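K.L.:
predicted structure and sequence below. I'll ask about it afterward.
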Amino acid sequence: MLKSAPALLRVSACRHVRMASNSDTAKLNVVHDTKSQEFYIKLKEGRGDESKAVLQYSYIDPNYVDLEHTVVPVQFRGHGVAKILAQTAFDHFVDKGALIRPTCTYLQKFYNENPLPKYQDKVKWS
């Protein structure tokens, strides 16, 4: 009997981003939750509370994914958090050989600002 793969996969050891509320560089870990079909980063707020930034996707077919939605809590916007999620998701699906449809407006912007050949060959708009 085969065991199924774990639903939570740590995608990157860490990425660094400078947060405006803290002069230190924050270490952000991207987690890929395959069961919920999302990439996320847990973010610590000043009071010790946690929130999370997410990029949600769905499969159009087994080799074609729709990157649907990206949300970053207001206090963390403008500091590169969404870009880390976008790059991680694009790289993940490109490495798997999947086609990508970025329906989220932020992900369309990310794609247009990062015209890498490896992305151009995999983005399909319809």
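P.N.:
In hand now; what should we look at?
K.L.:
who are the packing partners of the host helix or strand of L43?
P.N.:
Per DSSP states H and E, L43 falls inside strand 38-44. Other helices and strands packing on strand 38-44, by 3 or more CB pairs under 8 Å, 6 or more residues apart in numbering; DSSP states H and E, are strand 30-33, strand 50-61, helix 81-95. C-betas here are computed from N, CA, C, even on glycine.
K.L.:
flag every buried residue along it.
P.N.:
E38, F39, Y40, I41, L43 (16 or more other CB atoms under 10 Å).
K.L.:
same list, the helices and strands packed on strand 38-44, but as TSV with mean neighbour count please.
P.N.:
Output for the helices and strands packed on strand 38-44, formatted as TSV (neighbours: other CB atoms under 10 Å):
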stretch	mean neighbour count
strand 30-33	19
strand 50-61	16
helix 81-95	20
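K.L.:
quick one: which of the buried residues of strand 38-44 is nearest E113?
P.N.:
Nearest to E113 among those: F39, at 18.6 Å, using CB to CB.
K.L.:
chain neighbours aside, what residue packs nearest to the closest one?
P.N.:
Leaving aside its chain neighbours, F39 sits nearest to L55 (4.6 Å; criterion: CB to CB, 6 or more residues apart in numbering).
K.L.:
please apply the same query to Q37.
P.N.:
Y57 (5.3 Å).
K.L.:
next one: the one you found, what pLDDT does it get?
P.N.:
Note on Y57: pLDDT of 98.
K.L.:
thought Y64 was touching it, still the case?
P.N.:
No: between Y57 and Y64 there is no contact under CB atoms under 8 Å: 10.8 Å.
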